[in-house]
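Asks: Next one to model:
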Amino acid sequence: ARAPGAAPVAGLETRERSRDPRFGALSTAAPDPTIAARRYAFLDDREAGEIAARKKLLKTKRGRRDASLREAHEAAVRRRKQRKHDERKRAVVSSLKKDERRKVKDGKAPYFPKRAAVREALLDDRFAELQKSGRLNAFLRKKARKNASPLERGARAGGRTPRGAAAS
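Replies: The predicted structure follows:
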């Protein structure tokens with residue numbers, strides 16, 4: 001064995017380290033998330049099954065006591081929710097780009113949407129999805145309750161008033 005950084009010795013063969021070709025820069029271009037999503041779609045079903053099994057286990061006596069199980073369940077649910085959000089965002093952005101390409105083809109000057117425009121399109125998509133599923137009213141009521149001022153929440157709940165507010 002030679003010391004690292006030592007000068008090469010004539011006649012001594014150096015063997016190339018074997019590498020997994022799937023991860024080499026020569027074998028693939030930049031990873032495309034849509035291809036990966038299609039290729040590994042079966043993992044979503046498996047993950048859904050694991051989450052359901054974990055949820056069932058959390059309802060048992062042992063599950064209620066096991067904090068690491070609860071944390072693992074919450075982490076899996078968070079990851080799944082984030083992945084769904086990312087997929088929705090990717091779809092919205094691609095539709096924005098497609099529309100923009102079509103408009104450029106018709107002669108309009110190119111426009112690159114800002115983050116705020118993407119966020120607005122995401123909200124529109126979420127609104128349409130809620131409306132289609134019939135959960136829009138419930139969502140808006142919940143949002144209104146959440147955004148209500150502390151005084152309104154206290155008055156509605158019949159609870160105590162927040163500090164600094166005049167008690168009537």
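Asks: The longest helix along the chain: what's the following helix or strand?
Replies: Ranked by number of residues, the top helix in the chain under DSSP state H is helix 67-105. Later in the chain than helix 67-105, the nearest helix or strand by DSSP states H and E is helix 115-133.
Asks: Quick one: mean pLDDT for whichever helix or strand comes after that following helix?
Replies: Using DSSP H and E, the helix or strand that follows helix 115-133 in sequence is helix 136-147. Averaged across helix 136-147, pLDDT comes to 92.
Asks: Going by contacts, tell me the helices and strands next to helix 136-147.
Replies: Other helices and strands packing on helix 136-147, by 3 or more C-beta pairs under 8 Å, 6 or more residues apart in numbering; DSSP states H and E, are helix 115-133. All C-beta spots, glycine's among them, are computed from the backbone N, C-alpha and C.
Asks: what's the spacing between the helix it packs on and its chain's center?
Replies: Counting by C-alpha atoms, centre = their mean, to the nearest Å, helix 115-133 is centred 15 Å from the centre of its parent chain.
Asks: mind listing what's buried in it?
Replies: Neighbour counts over helix 115-133 (16 or more other C-beta atoms under 10 Å) mark 121, 122 as buried.
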